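A.B. asks: Need a 3D model of the sequence below.
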Amino acid sequence: MTQKDVARLAGVSQATVSMVLSGGGSPAIPADTWARITKAARELGYSPNRFAQALKTNRTMTIACIVPDITNPFYPALMRGIQSITDGLNYDVIAVNTEGTPERERHFLDWSRQGRVDGIIGVFFTLRAMDFKPLVEAGVPVVRIESSKKRGGELPIDDIFVDSRAAAYAVTHYLIARGHRRISMIAGRGGPQGVRIEGYRQALTEAGGEPHIVLDEAFSEEGGLRAARSILDSDYKPTAIFAANDLMAIGVMQALRESGLTIPGDVAVVGFDDISAAKLVTPSLTTVAQFQYEMGVKAAQILMERLRGSKPSAGTALEMPFSLVERGST
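C.D. replies: Presented below is the predicted three-dimensional model:
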């Protein structure tokens, strides 16, 4: 199959097919035309010569997805959303893991500047907007997945965010409405920790409660287990524990079971992220859904618009919704 065959099936010119399937495109090409061309290419089984394409377009046809913990179940759904867009445009996606450390995050920014990828979508725990300036000046667009409110800036960096502060406030208010006043919160260090603690602290203080926060080094089951054991060994006896992500919440549940406490009878538990395991643990976990797949779709669409030159010169910010999912742990 050739581009001429794709053009015939899609009802467009071969030049238009070439622009779309090369990943370059043009701001003048309507979205429905893009969809028609990529659908035709899939139906015909068209496969471009990637080496020749790279030489012609000076592009790698590769996107980097940079995340702090590739083992966290939050991120595969995000990557699936990204690939649902990039696959149809003949882009490959490489996933890289930073452990959320500044050294590894900076390493992969430098790596991206070396012509290895055409753009990046990432979750960064330690970097700020100006850290990306050399990258965008080198022509590598960036879409960040953020956990706090953003409003776009002068640099052409695009942000997709969930207002984690508002979500944590909503979770805490929900627990208060169910009669809880002694509510502990646990979190890992860095990343979304700060804004989620702010939301929790505000809601609890407004209700006359006293915040009780325990931090661990890791946003993981082990981190949740350690933090929960620390709470259970202390004089503070909460009736509810709010974990800053679902993995930590699952660790909390393990610690409570080890101590002979029932969930939610003795202690209610709430997580954050709505990973697939949240529905599978016993009791099932009340949590905050962030719609990671949809986030990935939007991030990839925005990145492709940058690569086509159809985004404004300044940065943009897109807020995504969250939803409290009530299950058996509360």
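A.B. asks: After whichever strand or helix holds F242, which helix or strand is next? Please name it.
C.D. replies: F242 belongs to strand 240-243 when assigned by DSSP states H and E. Using DSSP H and E, the helix or strand that follows strand 240-243 towards the C-terminus is helix 246-258.
A.B. asks: Quick one: mean pLDDT over that next one.
C.D. replies: Helix 246-258 shows a mean pLDDT of 97.
A.B. asks: does R8 sit in a helix or strand, and which one?
C.D. replies: Assignment of secondary structure by DSSP H and E places R8 within helix 3-10.
A.B. asks: list the contacts for F272?
C.D. replies: Applying C-beta atoms under 8 Å, 6 or more residues apart in numbering, we find F272 in contact with 164, 167-168, 171, 196, 243-246, 249, 287-288, 290. Placement of C-beta: from N, CA and C, glycine included.
A.B. asks: List buried residues within these.
C.D. replies: 164, 167-168, 171, 196, 243-246, 249, 287-288, 290 (16 or more other C-beta atoms under 10 Å).
A.B. asks: Now render the residues you listed as JSON lines, adding distance to A10.
C.D. replies: Formatted as JSON lines, these follow (distance: C-beta to C-beta, whole Å):
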{"residue": "S164", "distance to A10": "42"}
{"residue": "A167", "distance to A10": "42"}
{"residue": "A168", "distance to A10": "47"}
{"residue": "V171", "distance to A10": "47"}
{"residue": "R196", "distance to A10": "46"}
{"residue": "A243", "distance to A10": "49"}
{"residue": "A244", "distance to A10": "47"}
{"residue": "N245", "distance to A10": "43"}
{"residue": "D246", "distance to A10": "43"}
{"residue": "A249", "distance to A10": "48"}
{"residue": "T287", "distance to A10": "43"}
{"residue": "V288", "distance to A10": "41"}
{"residue": "Q290", "distance to A10": "35"}
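A.B. asks: Out of those, the closest to D92 would be?
C.D. replies: The shortest approach to D92 among those belongs to Q290, at 25.4 Å (C-beta to C-beta).
A.B. asks: partner residues bridging the closest residue to the closest one other than its chain neighbours?
C.D. replies: Leaving out its chain neighbours, the residue that sits closest to Q290 by C-beta to C-beta, 6 or more residues apart in numbering is V162, at 5.1 Å. Beta-bridge partners for V162, by DSSP bridges, are M320.
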